[in-house]
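*Asks:* what's the 3D shape of this:
(chains A, B, C, D, E, F, G and H, ligands or ions: 10)
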Amino acid sequence: MFSEIAEYFRTETLPHMWCPGCGNGTITAALVRAIKTLRLDQNKVVIVSGIGCSSRMPGYLDFNTLHTTHGRALAFATGIKAAKPELDVFVVMGDGDSSAIGGNHLIHAARRNIDLTAIIINNNIYGMTGGQSSPMTPHDKRATTSPYGNLERPFQLLDLVQAAGATYGARATAYHNQLLSKLIIDAYNNPGFSLIEAISQCPVSYGRRNKFKTPADMLLWQKEHGVTAGRRALKDEDFLIGEVFNKEAPEYTQEYEKLRQRLKGGER
Amino acid sequence: MFSEIAEYFRTETLPHMWCPGCGNGTITAALVRAIKTLRLDQNKVVIVSGIGCSSRMPGYLDFNTLHTTHGRALAFATGIKAAKPELDVFVVMGDGDSSAIGGNHLIHAARRNIDLTAIIINNNIYGMTGGQSSPMTPHDKRATTSPYGNLERPFQLLDLVQAAGATYGARATAYHNQLLSKLIIDAYNNPGFSLIEAISQCPVSYGRRNKFKTPADMLLWQKEHGVTAGRRALKDEDFLIGEVFNKEAPEYTQEYEKLRQRLKGGER
Amino acid sequence: MSKARLMQGNEACAEGALAAGVRFYAGYPITPSTEIAEIMAEKLPLLGGTFIQMEDEIGSMAAVIGASLTGAKSLTATSGPGFSLKQENLGYAIATEVPCVVVNVQRGGPSTGLPTSPAQADVMQAKWGTHGDHPMIALSPSSVQECYELTVKAFNFAEEFRTVVIMLMDEVVGHLREKVELPESLPVENRKKPTVSPDQYVPFANDPSLIPAMANFGEGYRYHVTGLTHGENGLPTGKPEVTAKFLKRLTQKLDPYLERIQLWEEAYLADAELIVLAYGCTARPVREAIDAARREGLKVGLFRPITIWPFPSREIAKYKGRKFLVPEMNNGQLVGEVERVFGFEGVERLNRIDGELITVTEILEKIREVMSHVQ
Amino acid sequence: MSKARLMQGNEACAEGALAAGVRFYAGYPITPSTEIAEIMAEKLPLLGGTFIQMEDEIGSMAAVIGASLTGAKSLTATSGPGFSLKQENLGYAIATEVPCVVVNVQRGGPSTGLPTSPAQADVMQAKWGTHGDHPMIALSPSSVQECYELTVKAFNFAEEFRTVVIMLMDEVVGHLREKVELPESLPVENRKKPTVSPDQYVPFANDPSLIPAMANFGEGYRYHVTGLTHGENGLPTGKPEVTAKFLKRLTQKLDPYLERIQLWEEAYLADAELIVLAYGCTARPVREAIDAARREGLKVGLFRPITIWPFPSREIAKYKGRKFLVPEMNNGQLVGEVERVFGFEGVERLNRIDGELITVTEILEKIREVMSHVQ
Amino acid sequence: MITAAENTKVIVNQDWCKKCGICIAFCPKKVLESDDLGRVVVTHPEQCIACKICERLCPDFAINIEVNKDE
Amino acid sequence: MITAAENTKVIVNQDWCKKCGICIAFCPKKVLESDDLGRVVVTHPEQCIACKICERLCPDFAINIEVNKDE
Amino acid sequence: MAKQQVLFTGTGGQGLILAAIMLAEAAVLAGKNVVQSQSYGPEARGGASKAEVIISDEVVNYPKVQKPDVVLAMSQEAYRKYGFTLDEASILIIDNTYVQEVKSRSKNFYALPLTRMTRNQLGSEQSANVVALGAVAALSGLISLEEVRQAVLQRAPKGTGERNLKALEIGWQLGVEALEPAAVKPARVG
Amino acid sequence: MAKQQVLFTGTGGQGLILAAIMLAEAAVLAGKNVVQSQSYGPEARGGASKAEVIISDEVVNYPKVQKPDVVLAMSQEAYRKYGFTLDEASILIIDNTYVQEVKSRSKNFYALPLTRMTRNQLGSEQSANVVALGAVAALSGLISLEEVRQAVLQRAPKGTGERNLKALEIGWQLGVEALEPAAVKPARVG
Ligand SMILES: Cc1ncc(C[n+]2csc(CCOP(=O)(O)OP(=O)(O)O)c2C)c(N)n1
Ligand SMILES: Cc1ncc(C[n+]2csc(CCOP(=O)(O)OP(=O)(O)O)c2C)c(N)n1
Ligand code: SF4
Ligand code: SF4
Ligand code: SF4
Ligand code: SF4
Ligand code: SF4
Ligand code: SF4
Ligand SMILES: [Mg+2]
Ligand SMILES: [Mg+2]
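*Replies:* Ligands and ions are numbered 1, 2, ... in the order given. Below is the predicted model:
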């Protein structure tokens, strides 16, 4: 990892601000390894985030980086990509950031099928503000604003963006971080809106309240419940990992470029 | 209709502000007939809307009526229902209102499965502001902000809310207005979040620009393309009418009431 | 007086809301206000009330208005970024005259700024953040005890005047723990309900009190509520005469009640050559600095507006000829209101915007400096 | 000068943006600003630019900032309710110093209000709508010709000073069609780009100009942009020293340039006993009323701030001792800035908030009334 | 099926009618026509089968079909 | 499969390590242990198989497994 | 030329704003100063509609019509609002297709079958606005036919140029005829 | 009692804020006026942590510690920031588990194995904050053990009361021992 750090990190910013055992660092490393494998031009890579613990990621990375407002990362990214489609735009968001306050931008980026590679770091909680429930907190789990257990049901994020029009969806975990890197590469290669749900652990704001004694226990949970499609039937807390859908549809910036060309040709 | 008007309308507000041939009136009548059939107590019925031509509907109706801000009707309605679950809350929104600016409240109301009966009047356009494209404008159709034809793809609204967690979804049209009344009744009877997509015509801001000569032509189009499930295969502009999904899941205000009872019992 | 307790400012605000009879809370977490939501999440269901965490601040503000229309006293709390997001619906609540209380525990701005540091930088936003002309009440506590008492007052004002009341707190008072002695009970106001029958009810009547009676949804008074300019019957209108009447009543509705609404604390004003006008957390070091200055023989007094909006200009105007010093944890905001009374001259400022509380020494030095120019 | 044309204010604004080199527009329709979006939708793809209709005003503001970071001059237009929604991200653009122009074609408020009627009720919101202290430039055209020319200026200011510039229009000038004669060309400014190599580049340097050079995303200068308070390198910090430096530069960055930024028109000021301060649509009847008053021998002058923010207080201060009259299509907003210079006394208002333009007669009568008190 | 014209009255509220032409286009029995100012005229009341298509489709609540059931 | 301990160096950056214990818990070969202040100590370098599980799971980029391939 | 203030009134959908724009455009072509504005109903919707044009050799500051010199009323409601109380010094033109109840007036009054004529001669009501424009132009004597023609061509929606020119001629003709002494309309309508 | 200003410093996660709250609570129980505050890192996250308590018989206006009377430093960084330059008139207590480099100091200095002791006696580092509180209370002489005990019981998270009382005793004991003339710690650490 030390060589990736020298190459892709703003080393003066390390050590990072995340708590001991937090999954954000592991997922950051997986993203960096994917970008390294893709051999992308650092000057053309843009990493955009919202607000939350996970959204602090771009600050540590040596690309064009943009830490926006809570929930709005995809809307900023849409402006970037639409104005300069040759940039490679990755968007990193927390589960609250992307699915609570940012839910509308999420479904609209998916509907437009705009070529962004979005990674939602799902730790099932609002980490940054100290553990309130998010739209991804499982039913019955505890959070400071669900002191009696969460009454609501979480989103099925990948189903939601698929219904909204996204063309690539996949899931991995901090534990399955090599798979995560591979899926990020596939997502990048999909010419359209791609979403990766990266399941992560927040030992401080979620784990403590929900009977996980150590960060390692949370990773173990990920290991045990993340199931590759077809491997075995899903039960209770299990979830699929790997690619979940992969489709084709017109991509927004390409369609817009076609329009420009059409108009250049005098057509209206 | 005259007797329904005397009973359920604020007659001093008529004639209404909608343009000649606009579907909003027809859909209003269908809703009123459904409420009449349901024999709901007028004092317990709340009708909430956002902003748009269609959202002017509550002003004409003699219930507890609330004309809110653009896109936020479901959030206001959530407050009403959560605070006083015994009210019967109907929410009327335009396609832009509900799926553009209001998209986030839509998916979250669905996720919570809160017992609201939502009707989206889908005329495929921003009527009130004079014909800009909406997230429901079909691909390639014209709008003032899609002067060269719409580059984007519309949402499949019912798929979207189903993926988000809604428990009832159905579609009808201004033309199929008896079906619409029936579906509204079924939606009301579903104890959870229900959405009806009511396809409507906006002759002034949409029809004129998209080769519909008269309002009647637009109703004819609805008649021809609205297909009952299983009747025949769907092609090009066709769409399903009737109930599209109907599921079971815990309803938000009931879960909350259970919590209150649980706490009363001393449990925590 | 009940017995002394150690309490946090945010907690006192939540407890004050409960004492005022709050039964609905909708919110979205944000530092440094989140404790208010967390306490509500725990306590409201125990009291038969409802807590709901909404998808964002816009939805929270909307839900609060919806709930209030059904008769529930309703609260939401946030901080700068969330306060900006609430502005559109906050204006809606004011225009439709739906009572509710909005807490803004101010933190360092602009933008995400300094999420865990104090500031007083949303003072002007509290008055002017939403579009269009509108009345506004904002209260600014400077102690934990006051967080409790003013929240009760905020609900009373909201209910009595059918409007939004903003509790303009700051990170210092919000997160401070302090000894408080909560009163057994405080007077609690409820909205004025219609006394006429439903068919006689005029929901937005040009009542001589300027505050029409308010029926709750579901109680037999069916009426229309809209953010469009509307007539007395609540129905939208574009007619200039009706509009003018409505907007006149709306924007002037607080005027007859200013004496009750405008609260302030004063000290040593009688002989003060210099009046330090300070509020919220800044008033705390100011009190110490004034005591020290008095010990040095400097004739300095304190004017602490507790009601920030409507700003007590008429009260201030009485001190024409005195010098004013306005220390603020912002770049100079409420000072503008003092200037509006007297003009630029004779009004001094002391500003700090780095997220640190102004110190006693800074204020004392400034007092000495200003006093050295007073002949 | 090119030949005369009939043009609408919104159209002139759009054409001005194109003349300034705009290449990106993100927006969400709202009356009475929508024509700007519609023209952009038609013209931008013809020019190799991009128009995108976003899901809401929040997203529009975000997209505009994103696009500007890639180097595209970027525009969005809205009206009151949308302007309220943009406030959070508007503050973000200011804090991160990303140039862009935001048009607010004002309509009647508060809330949904009077969507198709004019008002000047977002004047204070333009300055104070977002949380936290921040600099602000807002321009107010009073003719169609000026909509064109000021939009070019707005882009120039935005680019030169790396900030948001607000075009504060109103429904009257936005929807008015008028004869204009567009200049062949106007001076166009572009952002200052770094002249150093990427490893020497300090994106938020405490440059003596107060305006650091700005690199576009994708051009080899990799840096970090955040709405948290940040150091010169762009990285977030909570350190009071760094914070103080950053916020000082940010909030004072316009100060050295006030002379160029503050634009106004004046007439008959030399001997004026009464100065009518008017802007935007209201300046139009005021000009006629002043001419009429002069014909009656009344010594009345006009001060029309074109730059509303930063308000030209220093210029106004020169007229100490004169009476002021501030007619506005609101309940009294910019008048407060005149009061801040002189105090309440001697500053008169004339307000109308029913959605109708103030008439020449109303102003003339008020002038006569005020002048009758001038000894 | 109701066919008796005597039992049925087609009432058009001209104050509310906006002349959209929908009722005319969809009446299966050509009961309704448009005059030279576009107004709806009940030209063949006797053909009305009280199907109420016109009433239900009218966006302006301007048509009422009254069926006298006693007759 | 790499087993040669001589080829492999397990480096822990104590400045960055936050003592979360993940590497210790997941190392399949018990190469790592915690000292009495919770610090990671490489107690059995010779058992390291260079699987890099520790390196990839470490949230703080604090472990580096160096494999000398020439040897 | 002194300031000339023109009001086009009727209901939404009649295209009066476009007619007013065409008149304003013609004034620009004629080298005049001009401002044109309108009132709307809710957001962009219909109901009553009013468009205003002020033409002058001087700069026009106040953009709203204070005292109209010419009023066109194309609906009964519009007549009631703007025509009923109009000073007799001002020209009042009504579309008697829709305005059927009028108060008697001794001069400057022209009741013309604008919409009816449009439907008869052009097959539909579309372009009644331009017919009205032609009548207004002819009766007010503000602008020459040539300039109005050019303005109509510039502003007519794509593909409707020919039709609208025809409509303009019809309206102009109606206006000219109405002006002829033989046809002192006011007396006839009373 | 004159105003007493106490600083608890260390890193996030050590529970120093809770310890400060317990001290403040104890002061309230003792009938004092008290204010307690803290500084945070980004939003709610860790890094350096500082909690302040001011106890007085008078009203406490300024809520921040201006000149600390007692400083507890539980990390090297915290020591560097708050302990290094501390006036010798003030009491400085360090956790020598973490603070290993210190400047010599002639008085009011106590280097105690707070965390190490916690781990040894209670099996994990949890409750080191309460051990520290015990030491602070004993060494500063601000509040009686009984009041601190009650405060700990009131504020300890559910189910941890017993453990925390034990921790308090350990800390108090450490403090008392350190005070005994035989154990003039400063000299030993120097
Ligand atoms: C408009 C706005 N609302 C609320 C906040 C406060 N806030 C900051 S981060 C956050 C949620 C973080 O949760 P998530 O997105 O899941 O990220 P995590 O911290 O868990 O990585 C919230 C509510 C904010 N900064 N801005
Ligand atoms: C915050 C805000 N943004 C924009 C608008 C302007 N606006 C009013 S209605 C509308 C869209 C209407 O479209 P739709 O919801 O489809 O309703 P319709 O008029 O078609 O029935 C818009 C954009 C507004 N009133 N408020
Ligand atoms: S609070 Fe949770 S998500 Fe945030 S840094 Fe700590 S462990 Fe990670
Ligand atoms: S614009 Fe369209 S949706 Fe609106 S009232 Fe007219 S026809 Fe109906
Ligand atoms: S459908 Fe209704 S509004 Fe339309 S023409 Fe017939 S009666 Fe009139
Ligand atoms: S009821 Fe049926 S038949 Fe009779 S007029 Fe109406 S549509 Fe025609
Ligand atoms: S995983 Fe990393 S941070 Fe955690 S204990 Fe091991 S080396 Fe330290
Ligand atoms: S590389 Fe594998 S075997 Fe070696 S220390 Fe790391 S986890 Fe253990
Ligand atoms: Mg999270
Ligand atoms: Mg629509």
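
*Asks:* Quick one: the helices in chain C, in order.
*Replies:* Per DSSP state H, chain C carries helices over the ranges C:9-20, C:34-43, C:57-69, C:80-96, C:123-128, C:144-161, C:171-175, C:240-252, C:258-261, C:283-295, C:313-317, C:335-342, C:360-373.

*Asks:* actually chain E, not the one I wrote
*Replies:* Under the criterion DSSP H, chain E contains helices at E:22-26, E:53-57.

*Asks:* Mean neighbour count, the helices of chain C: which tops it?
*Replies:* Sort those by mean neighbour count, taking mean count of other CB atoms under 10 Å in any protein chain shown, and helix C:57-69 sits at the top with a mean of 32. For glycine as for every other residue, the C-beta is placed from the backbone atoms N, C-alpha and C.

*Asks:* quick check: angle from it to helix C:80-96?
*Replies:* Helix C:57-69 and helix C:80-96 are oriented at 40 degrees to each other (axes from the mean of the first three to the mean of the last three CA atoms, to 10 degrees).

*Asks:* ok now helix C:57-69, how far from the chain's centre?
*Replies:* 18 Å (CA atoms, centre = their mean, to the nearest Å).

*Asks:* do stretch C:68-81 as well
*Replies:* 13 Å.

*Asks:* first to last residue in that stretch, what's the distance?
*Replies:* 24 Å (CA to CA, to the nearest Å).

*Asks:* Any part of it near chain H?
*Replies:* No - Stretch C:68-81 is not in contact with chain H by CB under 8 Å from any CB of the partner chain; minimum separation 10.4 Å.

*Asks:* For that stretch, which residues meet the burial criterion?
*Replies:* C:68-81 (16 or more other CB atoms under 10 Å in any protein chain shown).

*Asks:* and if you look at stretch C:189-204?
*Replies:* C:189, C:191, C:194, C:201-204.

*Asks:* Report the distance from that stretch to the chain centre.
*Replies:* Here the centre of stretch C:189-204 is set off from its chain's centre by 27 Å, with CA atoms, centre = their mean.

*Asks:* which residues sit against that stretch?
*Replies:* With CB atoms under 8 Å, 6 or more residues apart in numbering or on different chains as the test, stretch C:189-204 has contacts from C:21, C:97, C:99, C:155-157, C:159-160, C:162, C:211-216, C:220-225, C:230-234, C:246.

*Asks:* Likewise for stretch E:37-55?
*Replies:* Residues from elsewhere that reach stretch E:37-55 (CB under 8 Å, 6+ apart): B:1, E:1-3, E:5, E:7-10, E:12, E:14, E:17, E:19, E:21-24, E:26-35, E:62-65, E:67, G:97-98, G:125.

*Asks:* show me the residues around the closest residue to A:Gly131 other than its chain neighbours that make contact.
*Replies:* Nearest-residue entry for A:Gly131: A:Ser205, 3.4 Å, with adjacent residues in sequence omitted and distances by CB to CB, 6 or more residues apart in numbering or on different chains. The contact partners of A:Ser205, taken as CB under 8 Å, 6+ apart, are A:123, A:125-127, A:130-131, H:44.

*Asks:* can you count the residues close to residue 36?
*Replies:* Assuming you mean chain A. The number of residues packed near A:Lys36 is 14, by other CB atoms under 10 Å in any protein chain shown.

*Asks:* my bad, the chain I had in mind was chain G
*Replies:* Per other CB under 10 Å, the neighbour tally for G:Gln36 reads 28.

*Asks:* Figure out the length between the terminal residues of stretch E:56-68.
*Replies:* The first residue of stretch E:56-68 is 18 Å away from its last residue (CA to CA).

*Asks:* is ligand 2 contacted by it?
*Replies:* No - applying CB under 6 Å from any ligand atom, one finds that stretch E:56-68 is not in contact with ligand 2, the shortest distance being 12.8 Å.

*Asks:* Ligand 5: which of the buried residues of stretch C:68-81 is nearest?
*Replies:* Proximity of the buried residues of stretch C:68-81 to ligand 5 (CB to the nearest ligand atom) peaks at C:Leu69, which lies at 34.0 Å.

*Asks:* Over to the closest residue to G:Gln5 other than its chain neighbours. Which of the three states is it?
*Replies:* Leaving aside its chain neighbours, G:Gln5 sits nearest to G:Val65 (4.3 Å; criterion: CB to CB, 6+ apart). Following DSSP: H, G, I helix; E, B strand; the rest coil, we place G:Val65 in the coil state.

*Asks:* before we move on, the earlier item: how about the helices of chain C in TSV, adding distance to ligand 6 and mean pLDDT?
*Replies:* Output for the helices of chain C, formatted as TSV (distance: least, CB to the nearest ligand atom, whole Å; pLDDT from 0 to 100):
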stretch	distance to ligand 6	mean pLDDT
helix C:9-20	58	98
helix C:34-43	56	98
helix C:57-69	40	98
helix C:80-96	41	98
helix C:123-128	56	98
helix C:144-161	52	98
helix C:171-175	66	97
helix C:240-252	38	96
helix C:258-261	60	98
helix C:283-295	74	98
helix C:313-317	67	97
helix C:335-342	66	98
helix C:360-373	82	96
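
*Asks:* do you know how far A:Ser54 is from chain C?
*Replies:* A:Ser54 is 15 Å from chain C, where distance means CB to the nearest CB, to the nearest Å.

*Asks:* element containing the closest residue to that residue other than its chain neighbours?
*Replies:* Distances taken as CB to CB, 6+ apart place A:Ile121 nearest to A:Ser54, at 3.8 Å, with adjacent residues excluded. Element membership of A:Ile121, judged by DSSP states H and E, is strand A:117-122.

*Asks:* ok, is that strand in contact with ligand 9 or not?
*Replies:* No - counting by CB under 5 Å from the ion, ligand 9 is not contacted by strand A:117-122; separation bottoms out at 6.7 Å.

*Asks:* Quick check: the farthest pair among the buried residues of stretch C:189-204?
*Replies:* Of all pairs drawn from these, the greatest distance, 21.9 Å, lies between C:Glu189 and C:Val202 (CB to CB).

*Asks:* Make sure G:Leu142 is actually in contact with G:Lys3.
*Replies:* No - counting by CB atoms under 8 Å, G:Leu142 stays clear of G:Lys3, with 11.2 Å between them.

*Asks:* higher neighbour count, those two?
*Replies:* G:Leu142 (22 against 16).

*Asks:* and the residue lying closest to A:Tyr175 once chain neighbours are set aside, how many neighbours?
*Replies:* Nearest non-adjacent residue to A:Tyr175, counting by CB to CB, 6+ apart: A:Gln222, 4.0 Å away. Neighbours of A:Gln222 under the rule other CB under 10 Å: 20.
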